[in-house]
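Asks: Kindly return the folded structure for what I paste below:
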Amino acid sequence: MAMTLPIPEGVDRIKCMKMALVHDLAEAIVGDITPHDNVSEDDKHQREKDAFETLIAHVTDKKIGEEMYDLWQQYEKQESKESNVVKELDKFDMMLQALEYEETQQKDLNSFFKSSINILKSPAIKQLGDHVYQQHLNLHNKKA
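Replies: Below is the predicted model of the structure:
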């Protein structure tokens, strides 16, 4: 998504693409920890940090490993324009997945949609999110 979707002016698309690639790598080891797992934010962050450090220890080019770690840290701390955009894209991707779950598994994920739509701030991403949110609402209106 970082490669193809419109991103705000002044945001480094290449940095977004790199960040999008590395931001979930730790989940390959610790899994996708959700609020339903009853894991504190501090514990979740520590588990992911430990996992990420384990992963980059195997990167033979230390400069690349350091860049990966820096990108991951920026994403985790939400301390750059690019990290904010990648967070929005990640949330938008989750909205697409949630809509598919609702359609194929008859799940009601309304609370997820309500909390997610407010995270989208960039105009183009917000517009796409609004469209997906409307599809979610339409799906539930058909059931009513």
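Asks: Quick check, central residue of the chain?
Replies: Of all residues in the chain, the one closest to the mean position by C-alpha atoms, centre = their mean is Asp90, 2.5 Å from it.
Asks: so it makes contact with His23?
Replies: Yes. In terms of C-beta atoms under 8 Å, Asp90 counts as a neighbour of His23; the distance is 7.0 Å. From N, CA and C alone the C-beta is placed, and that goes for glycine too.
Asks: tell me the mean pLDDT for the lengthiest helix in the chain?
Replies: For the chain, the helix reaching the highest residue count under DSSP state H is reported as helix 81-105. Averaging the model's pLDDT scores along helix 81-105 yields 94.
Asks: got the contact list for that helix?
Replies: The list of residues contacting helix 81-105 from outside it, by C-beta atoms under 8 Å, 6 or more residues apart in numbering, reads 1-2, 5, 7-8, 10-12, 15-16, 19-20, 23-24, 74-75, 77-78, 107-109, 112-113, 116-117, 119-122, 125, 128-129, 132-133, 135-136, 139.
Asks: so how many other residues sit close to Pro8?
Replies: In terms of burial, Pro8 registers 15 neighbours under the definition other C-beta atoms under 10 Å.
Asks: how about it, secondary structure?
Replies: The three-state assignment at Pro8 reads coil, by DSSP: H, G, I helix; E, B strand; the rest coil.
Asks: cool, and Val11?
Replies: For Val11, the secondary structure call by three-state DSSP comes out as coil.
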